[in-house]
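*Asks:* below are the sequence and a predicted model for it; my questions follow.
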Amino acid sequence: MTDTTTPEAQSSGRELHLGWALLLISVAQLMVVLDASIANIALPFIGADLGIDDANLTWIVTGYALAFGGLLLLGGRLGDLYGRRRVFMIGLAVFAIASLLGGFAANEGLLLAARGLQGLGAALASPAALALITTTFPAGPARNRAFAVYAAMSGAGAAVGLILGGWLTGLDPLLGLEGWRWTFLINVPIGLLAAFAAPRFLPESESHPGELDVPGAITGTLGLLGLVYGFSRAGEEAHGWGDPWTIASLAAGVVLLAVFAVIESRVAHPLLPVRVFANRTRATSFLVMMIVPAAMFAMFYFLSLFIQLVVGYSPLHTGFAFLPFSVGIVIGAGVSSNLVNRIDPRFIAGVGTLMASAALFGFSRLDVPHGASDLAALANGGHLGADVNYWASIFPFIVLMSVGMGAVFVPLTLTAVHHLRPEDSGVGSGVLNTMQQVGGALGLAILSTVALQAAQGTKDSLGGDLTAQGMPADAAGQLAFLGSFTEGATAAFLVGAVLIAIGSLAIWTFLNVKHEELATDGPEGGVHVG
């Protein structure tokens with residue numbers, strides 16, 4: 001029977017099909033990313049309901065980050081070997097089931113296990129989602145737009161998580177369930193629907209079962225777990241870099257990754273082929289995509305604390321204070337996806353990093369009264385930053401940072417996975433996601449140390465001055481903390497600005513792939529490295 005469908009109708013049908021495919025991938029990525037922050041605001045409520053002490057409460061966040069960051073490389077490779085759509089669906093289903101368990105958790109152990117299982121699901125779904133964009137969308141404008149949406153979801157997820165977490169946590173009990181439980185349960189229908197719809201809109205990739213590098217999978221996963229845990233512990237004031245477990249975890253991570261490197265150089269089917277890093281443009285993309293999130297995640301951490309502790313916003317109000325970031329990164333990603341068709345990635349990402357660095361420098365100039373006399377005036381209540389004007393001192397730099405991030409993520413995601421061999425698309429996506437997770441943990445650890453060192457001297461001095469004025473020691477200590485926090489946060493912002501400037505230098509020096517090449521599919525050797 002002759003197909004009488006017009007070319008225009010066929011084209012419209014393909015675009016609609018690709019649109020649904022992108023919606024599925026984007027929803028999955030947003031769900032995975034925002035779950036790293038959605039539970040943060042709910043932590044006090046979770047602790048009170050389940051009787052979890054402060055020391056173990058942080059594991060609700062750390063447990064997810066550990067499983068996610070440690071298993072990303074393995075998740076990417078499993079997609080290459082057993083089919084990316086299949087692994088994507090399994091990841092979503094695991095994530096949804098884990099969210100259900102977390103939402104109905106009756107004790108600490110079940111909740112922590114559910115968070116680890118969520119991390120496993122995310123580690124399977126996220127690299128598969130990125131690889132599916134490469135294999136589903138044709139090179140050129142269509143793929144660039146898809147990467148723009150993916151990058152926007154990745155960047156906006158943290159801010160959306162803060163807003164959604166604040167709103168859900170503040171709800172009165174719904175169907176007999178406390179608000180914090182809905183931060184988990186909201187994922188269940190979304191994850192299951194996306195997994196169910198995947199076969200209809202996403203193609204399956206060729207599978208290569210039997211080629212899994214088991215020794216590499218074990219050493220690589222445990223090595224990444226060691227690094228992520230060590231960096232996370234180093235960033236906590238209670239432990240720091242000198243803590244024995246911090247040192248042991250980092251040392252074990254380095255040793256295991258060294259063993260992993262030896263194994264990968266000798267096996268026939270390595271978990272992480274060395275050829276993935278052989279291209280200079282791709283290696284530069286991976287490096288910068290570790291450095292930039294390192295500063296961005298730390299910005300979220302310190303700025304959210306500043307807005308709550310110093311300016312005095314409520315958790316939900318703080319979440320909405322970051323709403324411009326979500327809007328800005330969508331705008332930045334959309335503009336850069338159009339520009340990358342006409343301008344080389346070096347210029348787009350280079351300008352984006354300069355914008356982000358300038359924004360962090362702007363945050364480092366935040367200034368509020370913090371002398372002993374100013375602090376003493378707060379003894380009857382109030383906040384140091386009561387006179388801080390959000391629209392003048394914070395909003396412009398949030399917008400500048402977000403647009404800059406959108407301009408960085410789109411071209412660097414393209415250059416990181418472009419011209420990879422088809423059989424390496426999943427692991428290449430896994431490496432990119434791993435760099436972001438490890439970079440985020442490392443950045444927060446480094447900048448937390450910087451903030452602690454910068455604040456400590458000021459805190460001791462102010463505490464002594466306030467006590468000398470007759471203020472009780474507890475009240476003096478609390479006010480001295482508020483007074484010193486800005487010192488530490490602004491120092492961290494300044495170091496973050498320097499980190500992104502270093503990333504910008506790497507882009508301008510080494511990232512020299514041409515925009516014409518991004519509009520083509522071809523062999524690995526097709527990437528310009530001159």
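*Replies:* Received, thanks. A quick note: this is a predicted structure, and the numbers were derived from the prediction, not measured.
*Asks:* tell me the buried residues in stretch 92-105?
*Replies:* The neighbour-count criterion (16 or more other C-beta atoms under 10 Å) identifies 92-103, 105 as the buried residues of stretch 92-105. Using the backbone N, CA and C atoms, a C-beta is placed for each residue, glycine as well.
*Asks:* apologies, that question was intended for stretch 27-45.
*Replies:* 27-43, 45.
*Asks:* so which of the residues you listed belong to helices?
*Replies:* Per DSSP state H, helices hold the following members of those: V27, A28, Q29, L30, M31, V32, V33, L34, L43, F45.
*Asks:* which residues touch stretch 57-65?
*Replies:* 35-36, 39-40, 43, 46-47, 52, 111-112, 115-116, 118-119, 122, 228-229, 232, 236, 437, 441 (C-beta atoms under 8 Å, 6 or more residues apart in numbering).
*Asks:* in this structure, where's the longest helix?
*Replies:* helix 425-468.
*Asks:* next, the angle from the following helix or strand past it to helix 425-468.
*Replies:* Using DSSP states H and E, the helix or strand that follows helix 425-468 towards the C-terminus is helix 473-510. Here helix 473-510 points in a direction 150 degrees away from that of helix 425-468 (axes from the mean of the first three to the mean of the last three C-alpha atoms, to 10 degrees).
*Asks:* does anything pack onto helix 473-510? Which helices or strands?
*Replies:* Applying 3 or more C-beta pairs under 8 Å, 6 or more residues apart in numbering; DSSP states H and E, one finds that helix 473-510 makes contact with helix 280-305, helix 345-364, helix 372-376, helix 425-468.
*Asks:* so what's the gap between the first one and the chain middle?
*Replies:* Per C-alpha atoms, centre = their mean, to the nearest Å, the displacement of helix 280-305 from the mean C-alpha position of its chain is 9 Å.
*Asks:* what are the buried residues along the helix or strand following it?
*Replies:* On the C-terminal side of helix 280-305, the closest following helix or strand by DSSP H and E is helix 315-321. Residues of helix 315-321 classed as buried: P315, L316, T318, G319, A321 (neighbour count, 16+ other C-beta under 10 Å).
*Asks:* which entry within those residues corresponds to the minimum pLDDT?
*Replies:* Within the buried residues of helix 315-321, pLDDT reaches its minimum at P315, with 74.
*Asks:* which residues in the stretch 151-300 of the chain form helices?
*Replies:* Assigned helices in the stretch 151-300 of the chain, in chain order: 179-185, 187-201, 214-234, 244-264, 275-278, 280-305 (criterion: DSSP state H, counting those that start in this stretch).
*Asks:* show me the chain divided up by domain.
*Replies:* The record's domain split for the chain, according to automatic domain parsing, is 15-211, 213-270, 275-514.
*Asks:* where does this protein dip in pLDDT?
*Replies:* 1-14, 55, 368-387, 475, 521-530 (pLDDT under 70).
*Asks:* ok, 50 please
*Replies:* When residues are selected by pLDDT under 50, those of the chain lie in 1-2, 525-530.
*Asks:* how about L78, nearest residue that isn't a chain neighbour?
*Replies:* V87 (5.2 Å; C-beta to C-beta, 6 or more residues apart in numbering).
*Asks:* check whether the one you found sits in a helix, strand or coil.
*Replies:* helix (DSSP: H, G, I helix; E, B strand; the rest coil).
*Asks:* just to check, it is in contact with S126?
*Replies:* No. The criterion here is C-beta atoms under 8 Å, and V87 misses it with S126 at 10.5 Å.
*Asks:* what's the overlap in contacts for those two?
*Replies:* Going by C-beta under 8 Å, 6+ apart, residues that sit against V87 and also against S126 are G75.
*Asks:* thinking again about what came up before, may I see the ChimeraX selection of the buried members of the contacts of stretch 57-65?
*Replies:* In ChimeraX syntax, the buried subset of those is picked out as below (16+ other C-beta under 10 Å):
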select :35,36,39,40,43,46,47,52,111,112,115,116,118,119,122,228,229,232,236,437,441
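*Asks:* how far away from the center of its chain is stretch 466-476?
*Replies:* With C-alpha atoms, centre = their mean, you get 41 Å for stretch 466-476.
*Asks:* still on that earlier bit, quick one, which of the helices and strands packed on helix 473-510 is nearest to V259?
*Replies:* Across those, V259 has its closest neighbour in helix 425-468 (17.3 Å, C-beta to C-beta).
*Asks:* run the angle between that closest one and helix 244-264 for me.
*Replies:* 160 degrees.
*Asks:* got the contact list for T183?
*Replies:* Contact partners of T183, counting by C-beta under 8 Å, 6+ apart, are I38, A39, A42, L164, G165, L168, T169.
*Asks:* actually A268, sorry about that
*Replies:* A268 neighbours (C-beta under 8 Å, 6+ apart): none.
*Asks:* dump stretch 441-452 to PDB, restricted to CA.
*Replies:* Listed next in PDB are the C-alpha coordinates belonging to stretch 441-452 (Å, rounded to 0.1, in the frame of the first residue of the first chain):
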ATOM      1  CA  ALA A 441      31.700  17.700  46.400                       C
ATOM      2  CA  LEU A 442      35.300  18.900  46.000                       C
ATOM      3  CA  GLY A 443      34.200  22.500  45.500                       C
ATOM      4  CA  LEU A 444      32.000  22.500  48.600                       C
ATOM      5  CA  ALA A 445      34.800  21.000  50.700                       C
ATOM      6  CA  ILE A 446      37.400  23.500  49.500                       C
ATOM      7  CA  LEU A 447      35.100  26.500  49.800                       C
ATOM      8  CA  SER A 448      33.700  25.400  53.200                       C
ATOM      9  CA  THR A 449      37.300  25.200  54.500                       C
ATOM     10  CA  VAL A 450      38.000  28.700  53.100                       C
ATOM     11  CA  ALA A 451      34.900  30.100  54.700                       C
ATOM     12  CA  LEU A 452      35.700  28.400  58.100                       C
END
